[in-house]
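Chemist: need coordinates for the below:
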Amino acid sequence: MSQETFQWVIAGGVALAALCTVIMAGTTVVIYKVLSKLLADAEDVSARVGPVIDTVRQLGKDNATRFSDIAFNVREITAHARDISEVAKDQAHRFAEVGKDIADRAKVQVARVDAAMDETVDQVQHAGNNIRAAALKPVREASGVIAGVRAAVSTLAQGRRTSVDHITQDEEMFI
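Modeler: Coordinates of the predicted model:
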């Protein structure tokens, strides 16, 4: 590489370094302006929030005992709520047991009533059969007596006996 080319490369590097330095200086100026604006805004916010913070501090100091009482009451209420929750859970378990016991007893009673109803129906049917038999027996006997009287009256009314032909014919039909 020649001396002249080398000098041009060095000059280009120096120019590039100078350009970077100018860019960095510009960037630093822009950053300074942004930071000074942010600082001014922060001071403005601080000036506005300062009295509010002072008021909150004063309220905190003035009401410290009240806050303490409120915190104590909240702890106490929480403890009572926990106790109530445990009692309610215990009562729910007891009600569930009572409900199960009632259901079991109801099942037993329903089974007893069902058995009693079955027995009553059986007794009513048996009584009905006995009544029917008791009522039909005299009717059958009376029917038999009436049939006998009818046959006797028929025989007496005809005054004669049936012929042998008629008897033979009846026997042949029977066989």
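Chemist: make it CA atoms for all contacts and neighbour counts henceforth
Modeler: OK.
Chemist: point to the residue nearest the middle of the chain.
Modeler: Centroid-nearest residue in the chain: residue 96, 15.3 Å away (criterion: C-alpha atoms, centre = their mean).
Chemist: what number of residues lie near residue 135?
Modeler: For residue 135, the count of nearby residues is 11 (other C-alpha atoms under 10 Å).
Chemist: residue 42 sits in which helix or strand?
Modeler: Assigned by DSSP states H and E, residue 42 belongs to helix 3-62.
Chemist: just checking, next helix/strand downstream of that helix?
Modeler: Per DSSP H and E, helix 3-62 leads on to helix 64-158 as the next helix or strand towards the C-terminus.
Chemist: packing partners of that next one?
Modeler: In terms of contacts (3 or more C-alpha pairs under 8 Å, 6 or more residues apart in numbering; DSSP states H and E), helix 64-158 is packed against no helix or strand at all.
Chemist: the inter-axis angle of that helix versus helix 3-62?
Modeler: 80 degrees (axes from the mean of the first three to the mean of the last three C-alpha atoms, to 10 degrees).
Chemist: show me where pLDDT drops low in the chain?
Modeler: The chain contains residues with pLDDT under 70 at 159-175.
Chemist: recalculate using a threshold of 80.
Modeler: Along the chain, segments meeting pLDDT under 80 span 1, 155-175.
Chemist: contacts only, for residue 21.
Modeler: Applying C-alpha atoms under 8 Å, 6 or more residues apart in numbering to residue 21 gives no contacts.
Chemist: distance check, it against residue 52.
Modeler: Noted for residue 21: a distance of 46 Å to residue 52, by C-alpha to C-alpha, to the nearest Å.
Chemist: where does the residue nearest to the centre of the chain sit relative to residue 89, distance-wise?
Modeler: As judged by C-alpha to C-alpha, residue 96 and residue 89 stand 11 Å apart.
Chemist: same question for residue 5.
Modeler: 95 Å.
Chemist: ok, now residue 69?
Modeler: In this view, residue 69 and residue 89 are 30 Å apart by C-alpha to C-alpha.
Chemist: next: residue 149.
Modeler: 89 Å.
Chemist: go on, residue 77?
Modeler: 18 Å.
Chemist: for residue 80, grab the count of nearby residues.
Modeler: 12.
Chemist: likewise for the one 3 residues further on?
Modeler: When neighbours are defined as other C-alpha under 10 Å, residue 83 has 12 of them.
Chemist: and residue 3, what is it in contact with?
Modeler: Residue 3 touches nothing, counting by C-alpha under 8 Å, 6+ apart.
Chemist: sweet, I'm off.
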